[in-house]
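Engineer: test case, fold it:
(chains A and B)
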Protein chains: 2
Amino acid sequence: MKLQVAIDRVPLAYAVEMAQKLDPLVDIIEFGTSIPKDYGLLGIKESGLKLQHAQLLVDLKTIDEGVYEFEKGFEAGADILTVMGASSLDTLTKVAQVTADAGRDMLIDLMKTTPEKKAEIAGFDQAIYGIHHAKDIEGDFDAVETTAQFHQQFPNVKRIAVAGGINLDTAERLAKQGIAESVIVGSGIMKAADPIAAAKQFVEVIK
Amino acid sequence: MKLQVAIDRVPLAYAVEMAQKLDPLVDIIEFGTSIPKDYGLLGIKESGLKLQHAQLLVDLKTIDEGVYEFEKGFEAGADILTVMGASSLDTLTKVAQVTADAGRDMLIDLMKTTPEKKAEIAGFDQAIYGIHHAKDIEGDFDAVETTAQFHQQFPNVKRIAVAGGINLDTAERLAKQGIAESVIVGSGIMKAADPIAAAKQFVEVIK
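Structural biologist: Coordinates of the predicted model:
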């Protein structure tokens, strides 16, 4: 299973510094939504970020104007961009085309999508589907159980990423479960006393 | 009825220049989603924009992490920020509190919300509810009829804004209808040969 580290709500210079340090260790480095919204895609493009090993995901959370946002996002250097599952099917179809043309990847964020909406949008073969527990919603989230349920309901979806308060124990259980392609860890790594050491611990339990 | 002009998908310097020119004429100047996503809220904050008459709306399209995004958005100088109706009720409740604390306004974008979702979120007394036809969706949108229907279904919602391919004729009919508090015009003004003259025409038909 791949490890995606989400860097969010920090100054851009710190995000770039941490991304370079995490680059050799992890598979995907995410710049959370606050980074493009605070600094802009142009800020990211001009930040001097240069990854050697990891892919860069920018959590754009596109919900309309898909072609414009995805073209700008890939221009800014993203390997993977995110679109909300709650968008119209038109938006999803358009960003899927831009993504294919660019030879890159898209992640469909399933946050706050109803079962009917999930069924409507489950047919994007190449897309990564992100099972995502919103930060603003209080309460528990059983990532392993939610992933199992999603897989049972949508067996044709091949690429799944899981996010939302993932700790070492959950990451290990997701890896053993063998359904998700990647696990997304934010504060479990970035708010650790030593984020690099924490990332190494996550890599150990999921490989 | 108020006139909101949406400036979108243009360089920040041009957006600022046009905003200053439109400031004395219109009620609300919107920086469309592309402006914060391309240049960041920090870019807007540092752009030198200074409006004397109009309010500034930044179309942030918040869908999670509401407190962070709204605090940053108001810090950047916005008088009005947008949140997606498709967000969780938790997100909407949190941004409503940040908005009240700041003494400013929020617009809930109803794009792609189901009737059930609209009913769930219709109780934010102070909020502006944005009837919004997504740019990515092909096909016709009858703004006047949609506004009448929404008003009938949710008579307690007092503040309504309408967006989506609005031309002079639609704007005039919305003003006569007397339901919407504001009408949002994008390309009808910004893609006119003379945007200032076009804005004056819209003001004439809606006052």
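Engineer: excluding sequence neighbours, find me the nearest residue to whichever residue of chain A sits closest to chain B.
Structural biologist: With CB to the nearest CB as the measure, A:G40 is the residue of chain A nearest to chain B, at 3.4 Å. All C-beta atoms are positioned from the backbone trio N, CA, C, and that covers glycine. Spatial nearest neighbour of A:G40, chain neighbours left out: B:G40 (3.4 Å); criterion: CB to CB, 6 or more residues apart in numbering or on different chains.
Engineer: and for the residue of chain A closest to chain B, the neighbour number?
Structural biologist: 26 (other CB atoms under 10 Å in any protein chain shown).
Engineer: coming back round to it: my read: the residue nearest to A:G40 touches A:S34, true?
Structural biologist: No - look at B:G40 against A:S34 with CB atoms under 8 Å: they stay out of range, at 9.8 Å.
Engineer: tell me which parts of chain A are close to chain B?
Structural biologist: Within chain A, the residues that sit near chain B (CB under 8 Å from any CB of the partner chain) are A:9, A:33-34, A:36-43, A:60-61, A:63-69, A:72, A:84, A:86-88, A:90-91, A:94, A:111-112, A:114, A:134-138.
Engineer: PyMOL command to pick out the buried ones of the residues you listed?
Structural biologist: Selection of the buried residues among the residues of chain A next to chain B in PyMOL, burial being defined by 16 or more other CB atoms under 10 Å in any protein chain shown:
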select buried, chain A and resi 9+33+34+36+37+38+39+40+41+42+43+60+61+63+64+65+66+68+69+72+84+86+87+88+90+91+94+111+112+134+135+136+137
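Engineer: pLDDT weak spots in chain A?
Structural biologist: Within chain A, the stretches with pLDDT under 70 are A:139.
Engineer: all strands for it, in order.
Structural biologist: Secondary structure of chain A (DSSP state E): strands located at A:2-7, A:28-31, A:55-62, A:80-84, A:105-109, A:128-132, A:160-163, A:182-185.
Engineer: partner strands of the second one, with direction?
Structural biologist: Okay, so that is strand A:28-31. Partners of strand A:28-31 in the sheet, by DSSP bridges, are strand A:2-7 (parallel), strand A:55-62 (parallel).
Engineer: need the contact partners of that strand.
Structural biologist: If you take CB atoms under 8 Å, 6 or more residues apart in numbering or on different chains as the criterion, strand A:28-31 is touched by A:2-8, A:15, A:19, A:22-23, A:44, A:51, A:54-59, A:79-80, A:182, A:184.
Engineer: now the helices for chain A?
Structural biologist: In chain A, the helices defined using DSSP state H lie at A:12-22, A:34-45, A:66-75, A:89-102, A:115-121, A:143-153, A:168-177, A:187-190, A:195-206.
Engineer: return the most buried member of these.
Structural biologist: helix A:34-45 (a mean of 24; mean count of other CB atoms under 10 Å in any protein chain shown).
Engineer: that helix - contacts with which helices or strands?
Structural biologist: With contacts defined as 3 or more CB pairs under 8 Å, 6 or more residues apart in numbering or on different chains; DSSP states H and E, the packing partners of helix A:34-45 are helix A:12-22, strand A:55-62, helix A:66-75, helix B:34-45, helix B:66-75.
Engineer: got the strands paired with strand A:28-31 as TSV, with distance to A:A143 columns?
Structural biologist: Below are the strands paired with strand A:28-31 laid out as TSV (distance: least, CB to CB, whole Å):
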stretch	distance to A:A143
strand A:2-7	14
strand A:55-62	18
